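>>> fold the stuff below for me.
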Amino acid sequence: MDCVGIGWRQPHYETLLAERPSLGFIEVHSENFFADGGITLAVLDAGREAYDVSLHGVGLALGSAAGLDEAHLQRLARLVQRVQPGWVSDHACFARVGSGLHAADLLPIPFNDESLALMVGHVQQVQERLGRPMLVENISAYVGWAGDTLAEPEFFNELARRSGCGLLLDVNNLFVNARNDGLPPDAAAREAMRWVDAIRPGSVGEIHLAGHCERADGLVIDDHGSRVRDEVWRVYEHAIRRLGPIPTLIEWDTDVPDLGVLLAESQRARAVAA
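Okay, here's the model as predicted:
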């Protein structure tokens, strides 16, 4: 069974439908298809006829103390009903404050008992509305909170146990965070592997692979704009050895190349997963 897919972005809509390359699934950003009709939804319907689809959201803001946006959740539920995706996912982050203000970014949550309880409640609310479990992704974070009381993998283990959700494990994010903690590449890869070792087997429902960039000032940015780095491939290989063949996605969102480049990256992931 092919368990490797690619992110399906607008530059490749026509090419993918015309060429129908061999893929396990395609993943789209849920919010791009929230309209009630039109050509965008028609394209997604055509993609759904050819491939299994994963809906990956960026706007639920599951960790926001202001609560979930009911209109957003309603649109997501309507899309899930239409598409019947293989997976539905979003991020462990906050973005909403007050009555409707949205940061349009994935901001880091504190890793403590209060934040965990909030996340559990929101994840359960989403799952009840959708009538299915969801996956929650670990993010790349460029700032943190003072006074965290839970290690990040411990937080995700408890989130999955209490809410019944799964984990979308982004191994590039693990590596980026370790690099921004000051570790050189090899040490950052080892730290990311330790993170993987701490997660409960059976809780991971999907893995993301992507590229990142390193700025002149040393900050590493999760920009999804290049090939997967060798160190991240090593972390992925480690994750597959420990967790088994998990559905894996190649993400590429900026400076999107020809479709053949994404397919080559997916073939490399397929070889590791096999």
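>>> so where does the residue lying closest to Leu159 once chain neighbours are set aside fall, helix or strand?
In space, and not counting its chain neighbours, Leu159 is closest to Met119: 5.7 Å by CB to CB, 6 or more residues apart in numbering. Every residue, glycine included, has its C-beta placed from N, CA and C. Met119 belongs to helix 113-130 when elements are defined using DSSP states H and E.
>>> how about the helices in the stretch 101-250 of the chain?
Per DSSP state H, counting those that start in this stretch, the stretch 101-250 of the chain carries helices over the ranges 113-130, 152-163, 171-180, 185-198, 230-243.
>>> and the longest one, what does it pack onto?
Judged by 3 or more CB pairs under 8 Å, 6 or more residues apart in numbering; DSSP states H and E, helix 113-130 is in contact with helix 70-83, helix 152-163.
>>> nearest to Arg132, of those helices?
helix 70-83 (7.5 Å; CB to CB).
>>> which other helices and strands contact that closest one?
helix 39-50, strand 53-56, helix 113-130.
>>> out of the ones you listed, deepest packed?
Stretch with highest mean neighbour count among those: strand 53-56 (a mean of 24; mean count of other CB atoms under 10 Å).
>>> what is the burial count for the nearest residue to Leu150 once chain neighbours are set aside?
Distances taken as CB to CB, 6+ apart place Phe111 nearest to Leu150, at 4.4 Å, with adjacent residues excluded. Residues near Phe111, counting by other CB atoms under 10 Å, number 21.
>>> quick one, what contacts Phe111?
Going by CB atoms under 8 Å, 6 or more residues apart in numbering, Phe111 touches Trp145, Asp148, Thr149, Leu150, Ala151, Glu152, Glu154, Phe155.
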